[in-house]
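*Asks:* Show me the folded form of this:
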Amino acid sequence: MTGVAPQRRSRSASRTRERLLEAAQELFGKQGFERTTLREVAGRAGVDAALVARYFGGKEQLYLAALRAEVGHDRPADLTEPERVAELVERVARRGSGPVLGSVLRRPDDDAVAAEVAAHLDARLVAPLRDRLADAGRADADLRAEVMVAALLGVLAAREAGTLPRLAELDDATAAALVSDLFAMARGTAEGSGGGTAGRRVPRRSPATLSRPVPEPSTYGGGMARPTRWATETGAEHSQWYIERFRTMAAEGADLAGEARLVDAMLPRGSRVLDAGCGTGRVGAELHARGHVVVGVDADPELVAAAAHDHPGPTWLVCDLAELDLPALGHEEPFDAAVVAGNVLAFVAPDTERAVLRSIVDHLRPDGFCAVGFGTGRGYDLARFDEDLEAAGFTLEHRFATWDLRPWHDGAEFAVSLLRRPAGAGAPRAAAQGESRDAR
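*Replies:* Presented below is the predicted three-dimensional model:
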């Protein structure tokens, strides 16, 4: 029994520290440094005020700990990456304003605290932007980086306050995308920002791609069993905006191949890959360029038309993922792997996530794998996802916090899950249907 007590005390101490930190983030964010007392923080956390000094030392140290926790300690928030912008937008929408936003709107009177806050904001938010802009040859990189951070924090504050109703009503994804568009303009499309998720420079593509026409799409959702969230929760112009957004990013030299690099590293050359929810085709196109046979499917005809226009080579099809039947369309050979990138599972029709996963597993060969990525705050609970993948016939092999394999941790804003169809599973749908036709 004596050996259990230290573990219990350790767990209790850790939870107490977490509660204090959560309470501090909330109160410092709403009231600022000066107007928040340690007694208030302890009361909100439900613990004795003396424990603040035990775990943090004092009010200044608690404030800085709350600031670091709000921004995130895993890596600087490079706001040239749309996914990082989306993470911050979703976090504030879910948790409310924290000390980061509060420190910009209300400068602490304590000069030492204010200096620490400024240094922390610079290191976590401003510096990555400044470096990207300087690499692109911007002489005013310092100023532009601060303007971009101020724009983001202003959008977050206005959405929370509700003072700009159109902005407050936007869903998180659209708000984040609009901020990313503003950032693209602030960087200056003539120079381009280069770089990418792994800090690499990527050769720019011709700006001519920005004005390419998209073939006239058929009616969205035609033949679909149920309309997807992509159709019901976004505006009529959203698909075209999304197409142009990724064309702009490609023309600027943005690194759009992170998901494809991971999948490619797990496959021998010439593998068959299903790009499920292919969107504009950026992931499937990169896998095709790396020597794989790619079939991309999406429910949005406009996105599929853009993929076919911008990325010839792979096969692009308009299909309902929940009722996917590629053998019926002449694609009978099973796939070695599937990739489900770009928050696809957050946009499928409500309550069809399990059916989508089952359709994917049905198209994989035994021992084939599927790489799935989506934001954890987008309405599809990770625990439910784990239940759905198991019910669909997958096993979960690995989970990471990013596509470049940063370690998974509780509270991560993004989840990349590597799923496997067990080697002993029955024949895939493609093979089974092919054998059935051969028998006839």
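*Asks:* Name the spans of the protein whose pLDDT lies under the cut-off.
*Replies:* Low-confidence segments of the chain (pLDDT under 70): 1-12, 29, 32-34, 67-78, 94-106, 108-109, 136-139, 184-225, 232-236, 425-440.
*Asks:* Residue for residue, what is the longest strand it has?
*Replies:* Ranked by residue count and defined by DSSP state E, the top strand of the chain is strand 364-375.
*Asks:* List the buried residues for that one?
*Replies:* 364-365, 368-375 (16 or more other CB atoms under 10 Å). Bear in mind the C-beta positions are built from the backbone N, C-alpha and C, glycine included.
*Asks:* now swap in stretch 114-133 and tell me
*Replies:* 116-117, 120-121, 124-133.
*Asks:* Residue 247 sits in which helix or strand?
*Replies:* Per DSSP states H and E, residue 247 falls inside helix 238-252.
*Asks:* Any buried residues in the helix or strand following that helix, and which?
*Replies:* As assigned by DSSP H and E, the chain's next helix or strand after helix 238-252 is helix 258-265. For helix 258-265, the neighbour count (16+ other CB under 10 Å) marks 258-264 as buried.
*Asks:* mind checking how far residue 263 is from residue 87?
*Replies:* 22 Å (CB to CB, to the nearest Å).
*Asks:* next one: residue 21
*Replies:* On the measure of CB to CB, residue 21 and residue 87 end up 19 Å apart.
*Asks:* between the buried residues of strand 364-375, which is closest to residue 403?
*Replies:* Set against residue 403, the nearest of the buried residues of strand 364-375 by CB to CB is residue 373 (6.1 Å).
*Asks:* Skipping its backbone neighbours, what lies nearest that closest one in space?
*Replies:* residue 416 (4.5 Å; CB to CB, 6 or more residues apart in numbering).
*Asks:* if we can go back for a sec, right, and out of the buried residues of helix 258-265, which lies closest to residue 92?
*Replies:* Checking the buried residues of helix 258-265 against residue 92 with CB to CB, the nearest one is residue 258 at 24.4 Å.
*Asks:* quick one on the thing from earlier: what about the buried residues of stretch 114-133, which are in helices?
*Replies:* Among these, the members falling in helices are 116-117, 120-121, 127-133 (criterion: DSSP state H).
*Asks:* Using PDB, write out every CA atom in the helix or strand encompassing residue 339.
*Replies:* For residue 339, the element it lies in under DSSP H and E is strand 335-340. Extracted in PDB, the C-alpha atoms of strand 335-340 (Å, rounded to 0.1, in the frame of the first residue of the first chain):
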ATOM      1  CA  PHE A 335      -5.500  -0.400 -53.200                       C
ATOM      2  CA  ASP A 336      -2.300  -0.600 -51.200                       C
ATOM      3  CA  ALA A 337      -3.000   2.500 -49.300                       C
ATOM      4  CA  ALA A 338      -5.600   5.300 -48.800                       C
ATOM      5  CA  VAL A 339      -5.100   8.900 -47.700                       C
ATOM      6  CA  VAL A 340      -7.900  11.000 -46.100                       C
END
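*Asks:* The stretch 201-350 of the chain: helices as residue ranges?
*Replies:* 229-232, 238-252, 258-265, 282-289, 301-310 (DSSP state H, counting those that start in this stretch).
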